[in-house]
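The sequence and its predicted three-dimensional model are supplied below.
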Amino acid sequence: EAAVTQSPRSKVAVTGGKVTLSCHQTNNHDYMYWYRQDTGHGLRLIHYSYVADSTEKGDIPDGYKASRPSQENFSLILELASLSQTAVYFCASTRDRANSDYTFGSGTRLLVI
Amino acid sequence: AQKVTQTQTSISVMEKTTVTMDCVYETQDSSYFLFWYKQTASGEIVFLIRQDSYKKENATVGHYSLNFQKPKSSIGLIITATQIEDSAVYFCAMRVASSGQKLVFGQGTILKVYL
């Protein structure tokens, strides 16, 4: 069964520290995405990738970096975590077709203190 | 730029009734795809149903159906015979062919189904 797996499921980070969120998909999808969810804002796109070794900025990329070392793996990196980055982060993947739906991971709950 | 708006923050309905959730969208593209997703209490997000902009027929999947009103840029989700398990957050989303396969989400509507 096609799946998107995120790790860790939850994390507590210290302000100014580095945080890496990982995502692995077994869907053989080309496209991968990182979204952030805050109460009242729905899901907002941070970074995405069409192909390995290439990433694109989404709508709210400031304070985040992304890495796509292979088709299956996509990481989100917070170099200097801040309180405002406390949120739930979702990874998703999809095929190269505009009418294809996304497959989402279970989310990573990040608390920055 | 694309935009999706869900104005209903929360809806409560009695079990076995029908509920409609509203969604309006903005785009300059002539080709686009509209999706509804459900987020359960555990946080899992699952795809429910899709409407293609070029199709006049409203999409239907199980007890989910869509009310697509293209002139009004509106795509409502209709759930018939609601069940307790339908209690969740529902997101409307749009994807346009020219935007690089990116989904733009609305703010979400909380649905509570009670006995």
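Arrived safely, thanks for sending.

From A:L80, how far off is the closest residue to A:T86 other than its chain neighbours?
Leaving aside its sequence neighbours, A:T86 sits nearest to A:V112 (CB to CB, 6 or more residues apart in numbering or on different chains; 4.9 Å). The C-beta positions use only the backbone N, C-alpha and C, and glycine is treated the same way. Look at A:V112 and A:L80: by CB to CB, to the nearest Å, they are 10 Å apart.

Next, the contact list for B:A93, please.
Counting by CB atoms under 8 Å, 6 or more residues apart in numbering or on different chains, B:A93 makes contact with B:V4, B:L34, B:F35, B:W36, B:Y37, B:L103, B:V104, B:F105, B:G106.

Among those residues, which lie within strands?
Residues of the contacts of B:A93 located in strands (DSSP state E): B:V4, B:L34, B:F35, B:W36, B:Y37, B:V104, B:F105.

Grab the two from those that are most spread out in space.
Greatest spatial distance in those: B:W36 and B:V104, 13.4 Å, computed using CB to CB.

Paired strands for the helix or strand where A:Y33 lies, with orientation please.
Per DSSP states H and E, A:Y33 falls inside strand A:31-38. When sheet partners are counted by DSSP bridges, strand A:31-38 sits next to strand A:42-49 (antiparallel), strand A:87-94 (antiparallel).

how far out from the middle of the chain is that strand?
5 Å (CA atoms, centre = their mean, to the nearest Å).

contacting residues for the nearest residue to B:K55 once chain neighbours are set aside?
In this structure, B:K55 finds its nearest non-sequential neighbour in B:F68, 7.9 Å apart by CB to CB, 6+ apart. Listed by CB under 8 Å, 6+ apart, the contact set of B:F68 reads B:L34, B:Q51, B:K55, B:K56, B:N58, B:A59, B:S74, B:I75.

quick revisit: looking at A:V112 and A:L80, which one has more neighbours?
Neighbours per residue, other CB atoms under 10 Å in any protein chain shown: of A:V112 and A:L80, the larger number sits with A:V112, 19 against 11.
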